[in-house]
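>>> Provided below are the primary sequence and the corresponding predicted coordinates.
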Amino acid sequence: MTVEGAREVLTVEAEGITAVRDALGEEFVQAVDLIMACPTRLVITGIGKSGLVGQKISATLNSTGTPSFFLHPVEAMHGDLGMVSSTDIVLALSYSGETSELNLLLDSLKKRAVQVVAMTGNSNSTLARSAVITLNVAVPKEACPLGLAPTTSTTATLALGDALAVALLRRKQFRAEDFRRNHPGGSLGERLKVAVREVMLTGDKVPMVSKDVPLELAVRELNKKNIGALLVVESEESGKLSGIITDGDLRRCLLDEKWLEKGACAEDNKKGIAEMMTVQPVTITGELMAADALSLMQGKDITVLAVVDKESRVEGILHLHDLLGKGEFRFLI
């Protein structure tokens with residue numbers, strides 16, 4: 001296959017996901033509501049390629065706060081059905097909606113009064129008729145040139161499963177520290193379970209000036225340390241945090257004619273920093289976990305945190321890159 005042929009496959013699959021996205025409606029919200037109200041677990045089932053996709057969807061749900069497990073339809077008919085309770089919700093995957101092994105399981109689930117959510121490309125199928133909610137994963141065509149091997153359809157189903165997991169994550173207000181608790185042995189877990197002081201920048205690496213220095217020196221320090229922010233302290237002796245200046249603050253001020261008219265950029269003007277900085281910036285203490293810092297950054301939509309002690313004295317500075325392993329303290333991803 002040529003590169004152009006590979007691009008064609010990716011285009012077809014992208015178009016399939018777009019089609020599923022465009023067809024999505026209120027039924028998706030209903031599915032999220034139903035799963036949110038489930039007091040026990042979400043059971044994923046499917047066979048063949050759909051089964052493999054179902055296993056991945058189950059794994060994603062578990063890691064993002066929605067308890068689930070995968071149930072093979074054939075194994076279910078030979079004893080594993082005992083794992084399903086009447087309070088569970090079943091998410092059944094079949095593009096045709098007419099998989100015989102799955103349909104046998106549907107009859108048994110109906111007798112147990114278990115509610116089924118279907119992911120299928122055939123809204124008139126047996127699976128769709130057995131479900132209380134049907135999520136449409138119909139795609140224009142498979143990427144397989146024979147139109148036989150599940151390709152675009154499985155990609156679209158997987159993508160919709162991800163959308164479902166993320167929607168549930170948001171509804172549950174699942175946080176980074178919750179994710180860390182579910183990944184105690186993973187590299188992300190290792191990054192997030194260390195203390196802030198283990199990943200923050202300290203000493204000469206901290207971009208910091210006292211608030212009485214000329215603006216020019218402050219800009220030089222900001223440029224020299226090159227992490228996009230500058231901490232401003234009351235004085236070098238006290239080390240108490242007064243504010244923070246970011247690259248964005250600097251740009252906005254230099255484009256503000258009224259600010260410039262005040263002479264803030266004049267060489268003899270010592271008030272430029274105080275007028276530019278954000279007072280009472282968001283801070284964190286060094287003993288808190290990196291996961292707490294990440295959650296705080298996400299909640300405040302910022303990338304830099306000043307690290308201070310109980311008296312607001314600067315101990316260091318933390319950049320988002322330090323949490324992602326791109327700073328001086330590195331983790332393997």
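Structure received. Residues are numbered from 1 along each chain as shown.
>>> give me the low-pLDDT residue ranges for the chain?
1, 176-192, 256-272, 325-333 (pLDDT under 70).
>>> show me the domain layout of it.
3-174, 191-323 (automatic domain parsing).
>>> mind putting these in CSV, mean neighbour count included?
For glycine as for every other residue, the C-beta is placed from the backbone atoms N, C-alpha and C. Below are the domains of the chain laid out as CSV (neighbours: other CB atoms under 10 Å):
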stretch, mean neighbour count
domain 3-174, 18
domain 191-323, 17
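>>> if we ignore the residues flanking it in sequence, what's nearest the residue nearest the centre of the chain?
Centroid-nearest residue in the chain, with CA atoms, centre = their mean: residue 166, separated by 7.7 Å. Take residue 166 and drop its neighbours on the chain: the residue closest to it by CB to CB, 6 or more residues apart in numbering is residue 64, 7.4 Å away.
>>> let me see the ranges of the helices in the stretch 201-333 of the chain.
215-225, 247-254, 257-261, 272-276, 290-300, 320-323 (DSSP state H, counting those that start in this stretch).
>>> cool, the stretch 51-200 of the chain as well?
73-76, 100-111, 126-130, 152-171, 176-181, 187-192.
>>> any chance of JSON lines for those helices, columns distance to residue 56?
What follows is the helices of the stretch 51-200 of the chain, written out as JSON lines (distance: least, CB to CB, whole Å):
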{"stretch": "helix 73-76", "distance to residue 56": "17"}
{"stretch": "helix 100-111", "distance to residue 56": "18"}
{"stretch": "helix 126-130", "distance to residue 56": "20"}
{"stretch": "helix 152-171", "distance to residue 56": "6"}
{"stretch": "helix 176-181", "distance to residue 56": "17"}
{"stretch": "helix 187-192", "distance to residue 56": "18"}
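>>> what's the distance between the spatially closest residue to residue 246 that is not a sequence neighbour and residue 279?
Distances taken as CB to CB, 6+ apart place residue 229 nearest to residue 246, at 4.8 Å, with adjacent residues excluded. Residue 229 is 14 Å from residue 279, where distance means CB to CB, to the nearest Å.
>>> and residue 118, by the same measure?
When residue 118 is compared with residue 279 (using CB to CB), they lie 55 Å apart.
>>> pairing partners for the closest residue in space to residue 280 that isn't next to it in sequence in the sheet, please.
Spatially, and ignoring its direct neighbours in sequence, residue 280 is nearest to residue 243 (7.5 Å; CB to CB, 6+ apart). Note on residue 243: beta-bridge partners by DSSP bridges are residue 232, residue 279.
>>> which residues does the nearest residue to residue 74 once chain neighbours are set aside contact?
Once flanking residues are discounted, residue 74 sits nearest to residue 101: 5.5 Å by CB to CB, 6+ apart. Listed by CB atoms under 8 Å, 6 or more residues apart in numbering, the contact set of residue 101 reads 47, 73-74, 77.
>>> now with 6 Å?
By CB atoms under 6 Å, 6 or more residues apart in numbering, residue 101 lies in contact with 47, 73-74.
>>> with residue 242 instead?
211, 232-234.
>>> farthest-apart pair in these, please.
232 and 234 (8.5 Å; CB to CB).
>>> hmm, residue 87 is touching residue 39, no?
Yes: under the criterion of CB atoms under 6 Å, residue 87 makes contact with residue 39 at 5.2 Å.
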